[in-house]
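>>> Coordinates for the following, if possible.
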Amino acid sequence: LKSYLRELPQPLMTFDLYDEWFQAASEKDLPKQIERLREVCAKLPEEFYKNFRYLIKFLAKLAEYQEMNKMTPTNIAIVLGPNLLWPRNEGTVSMMNMASASSVQVVLVIEPVIQNADSIFPEDLDFSVSGMFGPSSLYSSYTSTKKDIGSTEPAQTAPIPLKEVTALKEESLCEDRLLVPPSS
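Okay, the predicted model is just below:
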């Protein structure tokens, strides 16, 4: 994701709005800051806006699980911020000085956008591919294959413990060997 964002011809948050992002984020009053960030977002070209909204809403969802994944809005802003907004290469400022100063400042823009994603982008987005999102999605759902065909009870669905995953893999390997015809 970082590489993709960084290789775009211009940042997702655009060169033209670079200064406006910082002005909006510098607002001390939170409701005014949110409103100013929303106004800058509205100035993004439509395709940029849609991609930015989707990404920020996803990152806000990711931050909801910070207890488990350690990805706080600050950490996310540190990691992805410099790939979302960077200045045009202007003047004689060295690239290293520009990059380091810009990276620190960009965190101050991206962090409140992530923290206030639902206020800035009130539209609902569905990120769920399998119908599950969060800690339990780290494991695939396990539907018991031992359910009786005539049973009216649903098959049990739960995360598979690691020991059971290993056992299933071994069992699968054994079954595969039985299905392979003997070589003649």
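>>> Where does pLDDT dip in the protein?
90-102, 127-184 (pLDDT under 70).
>>> Which residue ranges of it form helices?
Remark: helices assigned in the chain by DSSP state H are 2-6, 18-25, 30-42, 46-63, 66-69, 73-84, 95-115, 117-120, 162-179.
>>> how about the ones you listed, which one is nearest Asp126?
Using Cβ to Cβ as the criterion, the shortest distance between Asp126 and the helices of the chain is 9.9 Å, found for helix 46-63. Just so you know, the C-beta spots here come from the backbone N, C-alpha and C atoms, and that holds for glycine as well.
>>> can you list the helices of the chain in CSV and add distance to Asp126 and mean neighbour count?
Formatted as CSV, the entries for the helices of the chain read as follows, by distance: least, Cβ to Cβ, whole Å; neighbours: other Cβ atoms under 10 Å:
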stretch, distance to Asp126, mean neighbour count
helix 2-6, 22, 12
helix 18-25, 27, 18
helix 30-42, 20, 15
helix 46-63, 10, 16
helix 66-69, 20, 12
helix 73-84, 20, 20
helix 95-115, 19, 17
helix 117-120, 14, 18
helix 162-179, 28, 10
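>>> what does stretch 110-128 contact?
Contact with stretch 110-128 is made by 25, 30, 33-34, 37-38, 41, 53-54, 56-61, 63, 73-74, 76-77, 80-81, 84-85, 133, as judged by Cβ atoms under 8 Å, 6 or more residues apart in numbering.
>>> Kindly report the same for stretch 74-85.
1-2, 5-6, 11-13, 18, 21, 52, 55, 59, 62-63, 66, 99, 102-103, 106-107, 109-111, 114.
>>> how far away is Phe58 from Ser26?
Per Cβ to Cβ, to the nearest Å, Phe58 is found 26 Å from Ser26.
>>> Many thanks, I have nothing further to ask.
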